[in-house]
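>>> Sequence and predicted structure, then a few things I'm wondering about:
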Amino acid sequence: MTDETKALLEAWAARYQAPAFILSDPVQFPHRYRRKQDIEISGLLTAILSFGNRKMIIRKAEELDALMRPSPYDYLLSGRWRADFPKDDGSSFYRMLSYAAMHGYWEKLFQAYRCYADLEEALLSFPGLPMERLCAFLSVSPKSPQKKLNMFLRWMVRRDSVVDFGLWRSFSPADLLIPLDTHVCCVAYLLGLTDSQTFSLKNARKITQALAELFPGDPCYGDFALFGYGVNHAK
């Protein structure tokens, strides 16, 4: 990576880690809340919906948020989600994500908050890095890049950011993985952060390691840099 490219990435990271970023990003939904549990629940479920067209994501996340208001935590404890997301309803809530699948997420969260004060404390009962703990909690594979889950972890763990919350002090930003999708793969390849455009956990780790050299201790700060590169390169 050239010194010029490094300077551009540092500038774009600083530029896009800003309040204006929130307004058009799914992170806007957990930002509507102040209580830790509300932010965790809104953040996780919004992240789970964050695939496909950006406008569609925002529209569906808005629908979900309307169901949970004024408090996702109170909505969870009330059990109203059982009627809103029937466990036997295989029809689509959002694209290939069914109401039954959403019921499963609500059930896991309900059990977690019955036993622990918050989701951060619940994840401490699992071993491994933040991604491995979250995958174990949700019963999904830790061998996939898990873009949505790593985005949620970025929101919860990264500190000193107007975009990310930094609520989870039990985990280190140095242990986060870049939220990898095909766009990030392409941008990272163009910048020489990786020699492959393969959508894989191995490539996510490789890109994260490259970003850690530029942003020591906080590689996912580079997520804003890659976003900035994509915006400016498209112009």
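Looks like it came in fine. This structure is a prediction, so every number in the text was calculated from the model and none was measured. Residues are numbered from 1 along each chain as shown.
>>> in this protein, which spans are strands?
Taking DSSP state E to define them, one finds strands in the chain at 92-94, 97-98.
>>> Take those and write them to JSON lines, including distance to E120, mean pLDDT and mean neighbour count.
For glycine as for every other residue, the C-beta is placed from the backbone atoms N, C-alpha and C. As requested, those are arranged in JSON lines below (distance: least, Cβ to Cβ, whole Å; pLDDT from 0 to 100; neighbours: other Cβ atoms under 10 Å):
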{"stretch": "strand 92-94", "distance to E120": "26", "mean pLDDT": "98", "mean neighbour count": "17"}
{"stretch": "strand 97-98", "distance to E120": "25", "mean pLDDT": "98", "mean neighbour count": "16"}
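>>> can you list those in a markdown table and add distance to Y16?
Below are the strands of the chain laid out as a markdown table (distance: least, Cβ to Cβ, whole Å):
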| stretch | distance to Y16 |
| --- | --- |
| strand 92-94 | 26 |
| strand 97-98 | 28 |
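>>> Just give the number of residues close to the residue nearest to R159 when sequence neighbours are not counted.
Nearest residue to R159, sequence neighbours excluded (Cβ to Cβ, 6 or more residues apart in numbering): G166, at 3.7 Å. By other Cβ atoms under 10 Å, 13 other residues sit near G166.
>>> Show the contacting residues for F215.
A13, Y221, G222, A225 (Cβ atoms under 8 Å, 6 or more residues apart in numbering).
>>> Of all the strands of the chain, which one comes closest to Q17?
Checking these against Q17 by Cβ to Cβ gives strand 92-94 as the closest, at 27.6 Å.
>>> Give me the contacts around the closest one.
Contacts for strand 92-94 (Cβ under 8 Å, 6+ apart): L49, M56, K60, F85, S98, Y99, A101, M102.
>>> distance of the fourth one from W106?
Separation of F85 from W106 (Cβ to Cβ, to the nearest Å) stands at 6 Å.
>>> what do you get for the fifth one?
Taking Cβ to Cβ as the criterion, S98 is separated from W106 by 13 Å.
>>> which stretches of this protein aren't confidently modelled?
231-235 (pLDDT under 70).
>>> Residues touching the helix ranked longest in it, excluding its own?
The single longest helix within the chain, with elements called by DSSP state H, is helix 99-115. Here helix 99-115 makes contact (Cβ under 8 Å, 6+ apart) with 37, 41, 44-45, 48, 73, 76-77, 79, 81-82, 85-93, 119, 122, 137-139.
>>> Drop anything exposed from the residues you listed.
Buried members of those, scored by 16 or more other Cβ atoms under 10 Å, are 37, 41, 44-45, 48, 73, 76, 81, 85, 93, 119, 122, 137-138.
>>> so of the residues you listed, which ones are in helices?
Per DSSP H, the buried ones among the contacts of helix 99-115 map to helices at Q37, I41, L44, L45, I48, Y73, L76, W81, L119, A122, F137, L138.
>>> Can you name the residues that contact the fifth one?
Yep, that's I48 we're talking about. Contacts of I48 by Cβ under 8 Å, 6+ apart are L97, Y105, K148, F152.
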